[in-house]
Structure formats: structure tokens, C-alpha cells
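Q: sharing a sequence plus its predicted fold:
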Amino acid sequence: MVSRKSLSYVLAVTWVAKPGQEEIVAALLRELAASAQTEPGCTEFRVHRSLDDPGRFLLFEVYQDAAAFEDHKQTEHFKRLVLDEGLKLLDRRERQYYEPL
């Protein structure tokens, strides 16, 4: 886990969709990115799709601090798009936390 003293809170998240769920996951992630970018503590939220594996997605997220990330997890769009809809469509989700040097 990243130090709570960081100036920003950075995540690199990989989502791997179950076979046949790739386009649904892509649509959910587009909506999630658009919603997350409106959060006051979110400074960047970008979603990328693998050129080699269309079921693999990379989310790059930057928050002002750990508290802003915690706020993100409490939003309606996170709960609906990630917890209620997204996770059940995935084979795997991996999160890595970073801090600026």
C-alpha cells in the first residue's frame, strides 16, 4: 500500500474480461472513466485496451491523495460499474499502487 503522506495516489489496474464479455467490459470502463474524471479528487483516469489481447484493459488512475481514492470507492458509479456489474465479468483484476519519485 502506498504511503498516506504521498502528494498523489497512483494506481495501475489490469482487468481481464471473461471470454465473450470484452465489449461489455469496454463499455463499462468507458462509463467509469467518464464518471471518475468528474470527481474532485481524481486528477486522471484513463482506460486502455491491449492491442494483442482485446479482453485485457489497463486503467491508469491518479488521485490527489489516498483519501480521494477512498472517496472514489464510495461513489455510486464505482459501486454500480465495478462492484455490481464489472467484477463478475472478469477472469482477473490486479491492482498496483505507486507514488511519484
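A: Perfect, I can see it now.
Q: look up the closest residue to the residue positioned nearest the centre of the chain, ignoring the ones flanking it.
A: Closest residue to the average C-alpha location of the chain: residue 59 at 4.8 Å, with C-alpha atoms, centre = their mean. For residue 59, ignoring the flanking residues on the chain, the nearest one in space by C-beta to C-beta, 6 or more residues apart in numbering is residue 13 at 4.1 Å. No exception for glycine: its C-beta is placed from N, CA and C like everyone else's.
Q: residues touching that neighbour, list them.
A: Counting by C-beta atoms under 8 Å, 6 or more residues apart in numbering, residue 13 makes contact with 58-61, 93-96.
Q: burial of residue 28, as a residue count?
A: 22 (other C-beta atoms under 10 Å).
Q: can you tell me the SS state at it?
A: helix (DSSP: H, G, I helix; E, B strand; the rest coil).
Q: can you give me the strands for the chain?
A: Here the chain has its strands, by DSSP state E, at 9-17, 42-49, 56-63, 90-98.
Q: quick one: strands adjacent to the third one?
A: So that's strand 56-63. Applying DSSP bridges to the sheet, strand 56-63 is found paired with strand 9-17 (antiparallel), strand 42-49 (antiparallel).
Q: and for it, what's in contact with it?
A: By C-beta under 8 Å, 6+ apart, the residues outside strand 56-63 that reach it are 8-17, 25-26, 29, 33, 36, 41-50, 69, 72.
Q: name the nearest of the contacts of residue 13 relative to residue 78.
A: Set against residue 78, the nearest of the contacts of residue 13 by C-beta to C-beta is residue 61 (11.0 Å).
Q: I'd like the distance between that closest one and residue 23.
A: 22 Å (C-beta to C-beta, to the nearest Å).
Q: what residues sit buried inside stretch 79-96?
A: Buried residues in stretch 79-96, defined by neighbour count with 16 or more other C-beta atoms under 10 Å: 81-82, 85-86, 89-90.
Q: what mean pLDDT does stretch 78-88 have?
A: Average pLDDT, stretch 78-88: 98.
Q: just the CA trace of it, in CSV.
A: The C-alpha coordinates for stretch 78-88 follow below in CSV (Å, rounded to 0.1, in the frame of the first residue of the first chain):
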residue,chain,number,x,y,z
PHE,A,78,-17.8,2.9,-8.7
LYS,A,79,-20.3,0.7,-6.7
ARG,A,80,-22.5,0.1,-9.7
LEU,A,81,-19.9,-0.2,-12.6
VAL,A,82,-17.2,-2.0,-10.7
LEU,A,83,-18.7,-3.9,-7.7
ASP,A,84,-22.2,-4.7,-9.0
GLU,A,85,-21.5,-5.2,-12.8
GLY,A,86,-17.9,-5.3,-13.7
LEU,A,87,-16.2,-7.8,-11.4
LYS,A,88,-18.5,-10.6,-12.3
